[in-house]
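Novice: Pasting the sequence and the predicted model now:
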2 protein chains.
Amino acid sequence: MPGEFELIARYFTRPARQAVLGVGDDCALLQIAPGMQLAVSTDMLVAGRHFFPGVDPFLLGHKCLAVNLSDLAACGARPLAFSLALALPQAEDAWLEPFSKGLLALADAHGCELIGGDTTRGPLTICITVYGEVPADAAARPVPTLALLRSGALPGDDVYVSGSLGDAALALLALQGRFQLPDHLLHAARARMEQPTPRVALGMALRGIASACADVSDGLLGDLDHILARSHCGARLEVDKVLPLLAARQAYAGGAAQFDSDYGARTALQCVLAGGDDYELVFTAPVQQRSTLAALSDTLQLPLTCIATIEAAPGLRLVDAQGHAVPHDFASFDHFAVASGLQ
Amino acid sequence: MPGEFELIARYFTRPARQAVLGVGDDCALLQIAPGMQLAVSTDMLVAGRHFFPGVDPFLLGHKCLAVNLSDLAACGARPLAFSLALALPQAEDAWLEPFSKGLLALADAHGCELIGGDTTRGPLTICITVYGEVPADAAARPVPTLALLRSGALPGDDVYVSGSLGDAALALLALQGRFQLPDHLLHAARARMEQPTPRVALGMALRGIASACADVSDGLLGDLDHILARSHCGARLEVDKVLPLLAARQAYAGGAAQFDSDYGARTALQCVLAGGDDYELVFTAPVQQRSTLAALSDTLQLPLTCIATIEAAPGLRLVDAQGHAVPHDFASFDHFAVASGLQ
């Protein structure tokens, strides 16, 4: 079995490219360009909670970095580098090789280099810290930055969500035997769960356009609620505009037609509104930005769907197409409040 | 039991001071001053490996940050901020309150603010990433920085170590019942293990003086070996100069006189040369810096002991006062090669 230093060298050490100093010293060194600010975010993934212990290590490597890049995307930062802290029950080439490949493939796709970290023996736990840059903006109030923040939404703003929602949660239910999906839909939904796409280009493009932004990691309602809380406002959300964002629901045709049952309809709503693990962006923008956002959606080949309107009154109001209130009791995902499920 | 967000707010959210944006958004934002580089380091501590699961949470909070600040010290960086990722079996006030107090007391002492992180349920694991700044130096070769690196030692340089060595390892042996220490010595040694002092002021003062530097986390021989490997040179180390650095050995007088036995002498040597968990700095400097370093030692009230000389021939040669080779087989600590012990 290789030792710690050999293991680091074999799978994780590559020459520094943008960094002043990369893996192998007590610290790594990054030069932040003049006029830019450093954006940092940390996520810790624990086996049995955030992923199945037996998951394909290549996919796991991808996902661990993807969820962190999604945080950079949510603030409109350009990825620069990341650190990796890894606790492993044992050092096995058969796991480390595909894990590092999945991790570094996504890193390379975003020009985000691995500059340091830590390895130790312990229950499988992966902690990544990502570093990105965003332009400073001395004129911006109250925070002198061009970064997208959760604060900043104003009454009258549109609320958008990128891509599709809820399929990751639906895949989890299907894999747990709690929902039936035809193979081709399960395959697509499972890819959303196992290989999420961080919306880095969208986040960077939204600088100066979006008034507030967050990524959808804990579920749409919970993450939108973070924006509302930090922006001291509320929103009116049209459920009928959100439901079609569940890709599996749109694609599902005939057969058992599970989504037409009471259980199916409730499950679809639960997944799309509170499912989590989507890694799309939810953001607000003044109505004047509608044409700009339509053009951006075309450019990025990524749906940007207007699902709600910001209102001055605090709270999130769900309504149907006729404007009638839709009762809901979907909690935001909370790692300590929720004891079941794999999150 | 409090929820994740309430828990973060209660113990870990304080207003940002130096940071552009602190805890509570998708990313934290830091402004790096013109002419400075960002130094980052990550350490992950796992219960049962790096600390006893039942350890006093106040002391644990201190130690988790101390080991990270020690990495900043080793590269001469000034601490700015840190992120905390925490996996907990359960969210208990009785643990979180003292843990956060120990953590934030040390953070405040170094002006190092908590700017973000992650909490999740899982086996007790603590991952901290620290951010510091060091001056860039465009004229420096091959790395344009004033940071202290592991590379840079040259034949003829003196090798110094700060403070005392080996007492943390000795405390561990005593707590495991493998070595007898009188209560007052155990108390002092245990404090070294549980509340190490990161040598931040020393590290910053060594910029432009030390030719290479590392912190002693895995044991003196292993960490000095990192300097030798990165500097492509060797060293001749006088064992008799190192042994007195075991504070407990110096203080031990009469009684059982365990250190005078074969087992005691071997244990002392093992602890001081390969014990680990000391968080002192080992560094090299040209002989012209001797008077400067003596003055620095006075100023900081911290012993700086010259223990070795850098030589061109690779490898680490241990000698006694008469220059005779001292056989040794102390491995650097390796988390995957060593199956026993609590490291």
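Specialist: Everything's here; your move. Numbers count the residues shown, from 1 in each chain, chains lettered A, B, ... in the order given.

Novice: what separates the spatially closest residue to residue A:144 that is not a sequence neighbour from chain B, distance-wise?
Specialist: Nearest residue to residue A:144 in three dimensions, chain neighbours excluded: residue A:138, at 5.1 Å (C-beta to C-beta, 6 or more residues apart in numbering or on different chains). Quick note: C-beta positions are derived from backbone N, CA and C, even for glycine. For residue A:138, the distance to chain B equals 10 Å [C-beta to the nearest C-beta, to the nearest Å].

Novice: likewise residue A:31?
Specialist: For residue A:31 relative to chain B (C-beta to the nearest C-beta), the value is 5 Å.

Novice: How many residues are close by that residue?
Specialist: 18 (other C-beta atoms under 10 Å in any protein chain shown).

Novice: Output the helix or strand containing residue A:10 in PDB with nothing but the alpha carbons.
Specialist: Assigned by DSSP states H and E, residue A:10 falls within helix A:4-12. Only the C-alpha atoms of helix A:4-12 are listed here, as PDB (Å, rounded to 0.1, in the frame of the first residue of the first chain):
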ATOM      1  CA  GLU A   4       0.800   9.200   2.200                       C
ATOM      2  CA  PHE A   5       3.400  11.200   0.300                       C
ATOM      3  CA  GLU A   6       3.700   8.800  -2.500                       C
ATOM      4  CA  LEU A   7       0.000   8.700  -2.900                       C
ATOM      5  CA  ILE A   8      -0.300  12.500  -3.100                       C
ATOM      6  CA  ALA A   9       2.500  12.600  -5.600                       C
ATOM      7  CA  ARG A  10       1.000   9.800  -7.800                       C
ATOM      8  CA  TYR A  11      -2.500  11.100  -8.100                       C
ATOM      9  CA  PHE A  12      -2.700  14.700  -7.100                       C
END
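
Novice: Which strands and helices lie in contact with it?
Specialist: The contact analysis (3 or more C-beta pairs under 8 Å, 6 or more residues apart in numbering or on different chains; DSSP states H and E) places helix A:4-12 against helix A:93-109, strand A:113-121.

Novice: hang on, the earlier thing: share the number of residues neighbouring the residue nearest to residue A:144, please.
Specialist: Neighbours of residue A:138 (other C-beta under 10 Å): 7.

Novice: Helix, strand or coil: sort out it for me.
Specialist: Of the three states, residue A:138 takes coil under DSSP: H, G, I helix; E, B strand; the rest coil.

Novice: State the distance from it to residue B:199.
Specialist: 36 Å (C-beta to C-beta, to the nearest Å).

Novice: Over to residue A:290?
Specialist: According to C-beta to C-beta, residue A:290 stands 57 Å off from residue B:199.

Novice: of those two, who's got more company?
Specialist: Using other C-beta under 10 Å as the criterion, residue A:290 and residue B:199 rank with residue B:199 on top: 26 against 14.

Novice: between the helix holding residue A:10 and strand A:113-121, how big is the angle?
Specialist: 140 degrees (axes from the mean of the first three to the mean of the last three C-alpha atoms, to 10 degrees).

Novice: Quick one: mean pLDDT for helix A:4-12?
Specialist: Mean per-residue pLDDT for helix A:4-12: 74.

Novice: what's the answer for stretch A:63-82, then?
Specialist: According to the model, stretch A:63-82 has a mean pLDDT of 96.

Novice: and the end-to-end length of that stretch?
Specialist: 14 Å (C-alpha to C-alpha, to the nearest Å).

Novice: Could I get the contacting residues of whichever residue of the stretch 101-250 of chain A sits closest to chain B?
Specialist: Using C-beta to the nearest C-beta, the closest approach of the stretch 101-250 of chain A to chain B is made by residue A:122 at 3.5 Å. Residue A:122 sits next to A:87-89, B:44, B:46, B:48-49, B:123, B:125 when contact means C-beta atoms under 8 Å, 6 or more residues apart in numbering or on different chains.

Novice: Please pick the buried ones from these.
Specialist: Buried subset of the contacts of residue A:122 (neighbour count, 16 or more other C-beta atoms under 10 Å in any protein chain shown): A:87-88, B:44, B:46, B:49, B:123, B:125.

Novice: And the residues you listed, which is closest to residue A:308?
Specialist: residue B:125 (37.4 Å; C-beta to C-beta).

Novice: now that closest one, which residues is it bridged with?
Specialist: Using DSSP bridges, the beta-bridge partners of residue B:125 come out as residue B:46, residue B:87.

Novice: Quick check: it touching residue B:48?
Specialist: No: contact status for residue B:125 versus residue B:48: not in contact, 10.2 Å apart, counting by C-beta atoms under 8 Å.

Novice: which residues of chain A fall in helices?
Specialist: A:4-12, A:57-74, A:93-109, A:167-175, A:183-194, A:200-205, A:220-231, A:239-242, A:247-251, A:262-274, A:290-300 (DSSP state H).

Novice: Can I get the ones you listed in CSV including distance to residue B:179?
Specialist: Listed next are the helices of chain A as CSV, based on distance: least, C-beta to C-beta, whole Å:
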stretch, distance to residue B:179
helix A:4-12, 26
helix A:57-74, 41
helix A:93-109, 36
helix A:167-175, 51
helix A:183-194, 50
helix A:200-205, 54
helix A:220-231, 52
helix A:239-242, 65
helix A:247-251, 62
helix A:262-274, 55
helix A:290-300, 64
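
Novice: Of those, which stretch is the most buried?
Specialist: Comparing the helices of chain A by mean neighbour count (mean count of other C-beta atoms under 10 Å in any protein chain shown), helix A:57-74 ranks first with a mean of 26.

Novice: Show me what it is packed against.
Specialist: Contacts defined by 3+ C-beta pairs under 8 Å, 6+ apart place helix A:57-74 against strand A:36-46, strand A:78-88, helix A:93-109, strand A:125-135, helix A:183-194, helix A:200-205, strand A:212-215.

Novice: Can you flag the weakest of those by average pLDDT?
Specialist: helix A:183-194 (a mean of 90).

Novice: and that one, what does it pack onto?
Specialist: On a contact count with 3+ C-beta pairs under 8 Å, 6+ apart, helix A:183-194 meets helix A:57-74, helix A:167-175, helix A:247-251.

Novice: give me the low-pLDDT residue ranges for chain A?
Specialist: By pLDDT under 70, the low-scoring segments of chain A are A:1-5, A:252-258, A:329-343.

Novice: Could you list the domains of it?
Specialist: Structurally, chain A divides into domains by automatic domain parsing as follows: A:4-135, A:158-319.

Novice: Output those domains in JSON lines; the columns should cover distance to residue B:30.
Specialist: Supplementary listing: the domains of chain A in JSON lines, determined by distance: least, C-beta to C-beta, whole Å:
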{"stretch": "domain A:4-135", "distance to residue B:30": "4"}
{"stretch": "domain A:158-319", "distance to residue B:30": "18"}
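
Novice: Let me have the helices and strands packed on helix A:4-12 in JSON lines, extended by distance to residue B:274.
Specialist: Converted to JSON lines, these look like this (distance: least, C-beta to C-beta, whole Å):
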{"stretch": "helix A:93-109", "distance to residue B:274": "27"}
{"stretch": "strand A:113-121", "distance to residue B:274": "18"}
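
Novice: And these: which comes nearest residue A:247?
Specialist: Nearest of the helices and strands packed on helix A:4-12 (C-beta to C-beta): helix A:93-109, 21.3 Å.
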